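Got a predicted structure plus its sequence, pasted below:
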Amino acid sequence: MTLSRYRNVATLAALASLASLPLAGQAVANDDTGCAQAEYAMGLRFQQQSAEAIALQRQGFELATYRLEEQIEAHGDDADLAIITDLDETVLDNSALLVRDMQACHDFTTWDTWKHWEREGNPRLIPGSKDFLEFADENDVAIYYVSDRYQENKADTLATLETLELPQVSEESVKLLGPPKSERRAEVEDEHTVVMQLGDTLHDFAGEFAEANLEEQRTLVDENADRFGNDWIVFPNATYGDWSESELNAWDAPHEVE
């Protein structure tokens, strides 16, 4: 090998080494999992492990209990009241599946492992959810579980909810994927006075959110600001959602480290 060729090879090797390094301020996509799906790790750590997530979840159900108590008092003893709640990431914590998939370098947002989880998985309860649902049950408020879990696995979902000893679990009260959620909610509204809805995504509350892009969803949130914290109770979900592929806004100042 001539000296000039050696220098060229050395230069190319150095450039290749530099190319493998992140730019200043650029997040490293691969952590201990060594794959692109590692980008999900921060959201999963927050959702599954942080005390702040538990605090927010308990805070949401504490607020829901307070608001429901207000509604019960306002409507009186003879009212036929109902609440509608989503299941996944509102009542059920499915993060174990998502972590398993991430660690296998599998993109869980394709949802091709979800049916197996519905049949054989063991989700945990979201903190505070059972106490709230038992409060509703004890006060004769009808509970409807409206979820986009698969209808073909309904028996498994019912078994999961019964194992977790949640109240008012039945074929009629658990309404799974088929018609849009807005239609399933309308079925409940035809039979009861719905005083509260709970969910982790905006389409758990109104069909308009399901048909809107992110900018339109933000506008709809502003237009419905008086409902959040009153009859619409939202729970944190940092693991998946319509926002997950959105562009981030960065400060345009030069990157400086002091």
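Ah, there it is. Residues are numbered from 1 along each chain as shown.

Tell me where this protein has helices.
Ranges of helices in the chain, per DSSP state H, are 3-19, 41-49, 51-75, 95-103, 114-120, 129-138, 154-163, 181-191, 207-210, 214-223.

I143 and E223: what is the separation?
To E223, I143 is 28 Å away according to Cβ to Cβ, to the nearest Å. Using the backbone N, CA and C atoms, a C-beta is placed for each residue, glycine as well.

Looking at these two, which is more packed in?
Between I143 and E223, I143 has the larger neighbour count (other Cβ atoms under 10 Å), namely 21 against 10.

So in terms of bridging, what pairs with that one?
I83 (DSSP bridges).

doesn't S173 make contact with it?
Yes - I143 is in contact with S173 according to Cβ atoms under 8 Å; the separation is 6.3 Å.

Turn the helices of the chain into JSON lines, including mean pLDDT and distance to Y240.
Converted to JSON lines, those look like this (pLDDT from 0 to 100; distance: least, Cβ to Cβ, whole Å):
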{"stretch": "helix 3-19", "mean pLDDT": "34", "distance to Y240": "31"}
{"stretch": "helix 41-49", "mean pLDDT": "98", "distance to Y240": "8"}
{"stretch": "helix 51-75", "mean pLDDT": "98", "distance to Y240": "15"}
{"stretch": "helix 95-103", "mean pLDDT": "98", "distance to Y240": "8"}
{"stretch": "helix 114-120", "mean pLDDT": "98", "distance to Y240": "11"}
{"stretch": "helix 129-138", "mean pLDDT": "98", "distance to Y240": "19"}
{"stretch": "helix 154-163", "mean pLDDT": "98", "distance to Y240": "19"}
{"stretch": "helix 181-191", "mean pLDDT": "98", "distance to Y240": "16"}
{"stretch": "helix 207-210", "mean pLDDT": "96", "distance to Y240": "15"}
{"stretch": "helix 214-223", "mean pLDDT": "98", "distance to Y240": "14"}
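
Which of the ones you listed sits closest to C35?
Checking those against C35 by Cβ to Cβ gives helix 95-103 as the closest, at 8.3 Å.

Residues contacting that closest one, please?
33, 37-38, 40-41, 44, 47-48, 107-108, 113-114, 117, 121-124, 239-240 (Cβ atoms under 8 Å, 6 or more residues apart in numbering).

quick revisit: for the helices of the chain, give me JSON lines that also has distance to I84.
Listed next are the helices of the chain as JSON lines, based on distance: least, Cβ to Cβ, whole Å:
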{"stretch": "helix 3-19", "distance to I84": "52"}
{"stretch": "helix 41-49", "distance to I84": "23"}
{"stretch": "helix 51-75", "distance to I84": "12"}
{"stretch": "helix 95-103", "distance to I84": "23"}
{"stretch": "helix 114-120", "distance to I84": "20"}
{"stretch": "helix 129-138", "distance to I84": "11"}
{"stretch": "helix 154-163", "distance to I84": "15"}
{"stretch": "helix 181-191", "distance to I84": "6"}
{"stretch": "helix 207-210", "distance to I84": "13"}
{"stretch": "helix 214-223", "distance to I84": "18"}
